[in-house]
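Colleague: Here's my sequence, what's the structure:
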Amino acid sequence: MTEYDLIVAGSGPSGMMAAVTAAQSGKKVLVLEKLSKIGSKLKATGGGRCNLTNTLDKETFMECFGREGRFMSPALEAFDHTALRTFFEKIGVQTHAPDGYRVFPVTHDSSTVVDALGREMARLGIEVLCSQKVIALKHESGTITGVRTQTGLFYAKQVVLATGGKGYPMLGAEGDGYVLAQSVGHKITELYPAMMPLQTKEKWVDACRADTIAKVEMFVNMKKYHHCRAKGDLIFTKDGIRGPVVLDFSREIVPLLSKFGEVPLLMNLTKGMNEEQLLQHFKTRVADDPQYTTLQLIQTLLPKSVAIELCNMADADPFLSFGRQAGIARDKLLKLLAWTPLTIIGHEGFGKAMITRGGVSLGEINPHTLESKKIKGLYFCGELVNLDGPCGGYNLQWSFSSGALAGRLAT
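Modeller: From the prediction side, this is the model:
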């Protein structure tokens, strides 16, 4: 019977980092992965490009996680984006920030990252067993003693749960860690799928699905929820919307959708221009060329397919000049251009969700060690806990930082 200093359940970014950090200090480490190979979800991150982190300072970074963000402070203090890039450089992964903000491996290939972590674990003598799903935590007198998998028992006085959330179940995310945490008395906050496309009540989006709209501003058009806002690139789909702004905003929308059934949005598709600015823009264009049709005017701001749909909604003839439109149609068109309504009615659930919103309650975890306050020797990191951030390297940085902290302090 082999006993380890540390057992890590899960070989995602937080699990591999926890294993590496512990092994660097001489610990005998075992990684148990339920899939047939390590790092499957990490390999799919960012469409395979692997946005590792970003260059924001710690305070700004934490603010992007909302009111729970300060929980991350000790982990980020110990292992921030600079430390992460240095770590990867040491194991052979060069990184860069082409836009000065998002950090990628220079290969823009997540396999580079997964392979390097695999080599480092092998170099450190970390034992990795795949096709091993942890099905139970073993503990006595409030102290962890090991884990049980479908094939047997593994013993250790320290266990890190790094099993991830419920998003992309085909990549191993089934929520096992929540069940394990609950089995030893931990509370799990309500779980929601996040970072995914959204479905709309309006059908006109189908006619616009070939187009991407840059710098779209949107907010929830419900009393008490106007503060829920987002900005970024938008893509129309057959039955709704996607794109960076939607991936981020879905974190706010899905809980509201669960509560209210549908969520009305207002979107500015014209880079922040209000009705007065839009009217002035049209007047300037017409002064340059009086032959401009309404459709051509709107096309100076938006793709043709979107322009046509907005004209239809305003009962405006797209082939008439703007000045010849009925006054009601002109006013309605300007209002629609300034704030276009859209109603969210659904999503595709955890099957298409990149991350999970919710998780193990932070109040039951020591932020300075990430050790359970209920079971000595049990640690949590990564997506399993109740922390989630927007697109842009936030969630991966948290995974690596939390894994590094848990692995360093699991002694």
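
Colleague: Strands along the stretch 101-250 of the chain, start to end?
Modeller: When secondary structure is read from DSSP state E, counting those that start in this stretch, the stretch 101-250 of the chain shows strands at 102-105, 127-129, 134-140, 143-149, 153-156, 159-161, 192-194, 198-200, 212-220, 229-236, 240-242.

Colleague: Now do the buried residues in the fifth one.
Modeller: If you call a residue buried by 16 or more other C-beta atoms under 10 Å, then strand 153-156 has these buried ones: F154, Y155, A156. Quick note: C-beta positions are derived from backbone N, CA and C, even for glycine.

Colleague: Now do the contacts for the residue lying closest to C50 once chain neighbours are set aside.
Modeller: Taking C-beta to C-beta, 6 or more residues apart in numbering as the measure, C50 lies nearest to S110, with 3.6 Å between them; neighbours along the chain are not counted. With C-beta atoms under 8 Å, 6 or more residues apart in numbering as the criterion, the residues that contact S110 are L42, K43, A44, T45, G46, G48, R49, C50.

Colleague: any idea how far the helix or strand of the chain with the lowest mean pLDDT is from the chain center?
Modeller: For the chain, scoring each helix and strand by mean pLDDT, DSSP states H and E identifies helix 40-44 as the least confident one, at a mean of 86. Its chain's average C-alpha position is 13 Å from that of helix 40-44, according to C-alpha atoms, centre = their mean, to the nearest Å.

Colleague: List the contacts of the nearest residue to R209 once chain neighbours are set aside.
Modeller: Beyond its immediate neighbours in the sequence, the residue positioned closest to R209 (C-beta to C-beta, 6+ apart) is F236, lying 4.8 Å away. Taking C-beta under 8 Å, 6+ apart as the contact definition, F236 lies against V205, D206, C208, R209, D211, I213, V306.

Colleague: Lowest-confidence one in these?
Modeller: Comparing pLDDT over these singles out D211 as the least confident position, at 80.

Colleague: Can you get me a residue count around it?
Modeller: Around D211 there are 15 other residues, counting by other C-beta atoms under 10 Å.

Colleague: How much space separates it from K304?
Modeller: Spatial separation of D211 from K304 under the definition C-beta to C-beta, to the nearest Å is 8 Å.

Colleague: Show me what the residue nearest to R209 is bridged to.
Modeller: Using DSSP bridges, the beta-bridge partners of F236 come out as I241.

Colleague: how near is it to K335?
Modeller: The span separating F236 from K335 equals 20 Å under the rule C-beta to C-beta.

Colleague: try A181
Modeller: Distance, A181 to K335, by C-beta to C-beta: 49 Å.

Colleague: Which one of the buried residues of strand 153-156 is nearest to G175?
Modeller: Top of the list for closeness to G175, among those and by C-beta to C-beta, is F154 at 21.3 Å.

Colleague: does that closest one really touch A9, like I thought?
Modeller: No: F154 is not in contact with A9 according to C-beta atoms under 8 Å; the separation is 9.8 Å.

Colleague: Pass me the low-pLDDT residue ranges in the stretch 1-150 of the chain, would you?
Modeller: Applying pLDDT under 70 to the stretch 1-150 of the chain picks out residues 1.

Colleague: if you set the cut-off to 90 instead, what comes out?
Modeller: 1-2, 40-41, 43-49 (pLDDT under 90).

Colleague: one step back: who's more crowded, A181 and K335?
Modeller: For A181 versus K335, neighbours defined as other C-beta under 10 Å are more numerous around A181 (27 against 14).

Colleague: so where do the strands sit in the stretch 301-411 of the chain?
Modeller: Under DSSP E, counting those that start in this stretch, the stretch 301-411 of the chain gives strands at 340-347, 355-357, 378-380.

Colleague: Out of the ones you listed, which gets the lowest mean score?
Modeller: Note on the strands of the stretch 301-411 of the chain: strand 355-357 shows the lowest mean pLDDT, a mean of 93.

Colleague: Distance from it to the middle of the chain?
Modeller: With C-alpha atoms, centre = their mean as the basis, the distance from the averaged C-alpha position of strand 355-357 to the chain average is 7 Å.

Colleague: same check, this time on stretch 188-200
Modeller: Distance, stretch centre to chain centre, for stretch 188-200: 10 Å (C-alpha atoms, centre = their mean).

Colleague: what's the average pLDDT for that stretch?
Modeller: Averaging pLDDT residue by residue across stretch 188-200 gives 95.

Colleague: For that stretch, buried residues please.
Modeller: Under the neighbour-count criterion of 16+ other C-beta under 10 Å, stretch 188-200 has I188, T189, L191, Y192, P193, A194, M195, M196, P197, L198, Q199, T200 buried.

Colleague: now those as CSV including distance to G125?
Modeller: Compiled in CSV, the buried residues of stretch 188-200 are given as follows (distance: C-beta to C-beta, whole Å):
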residue, distance to G125
I188, 34
T189, 37
L191, 36
Y192, 40
P193, 38
A194, 37
M195, 36
M196, 39
P197, 43
L198, 46
Q199, 49
T200, 53
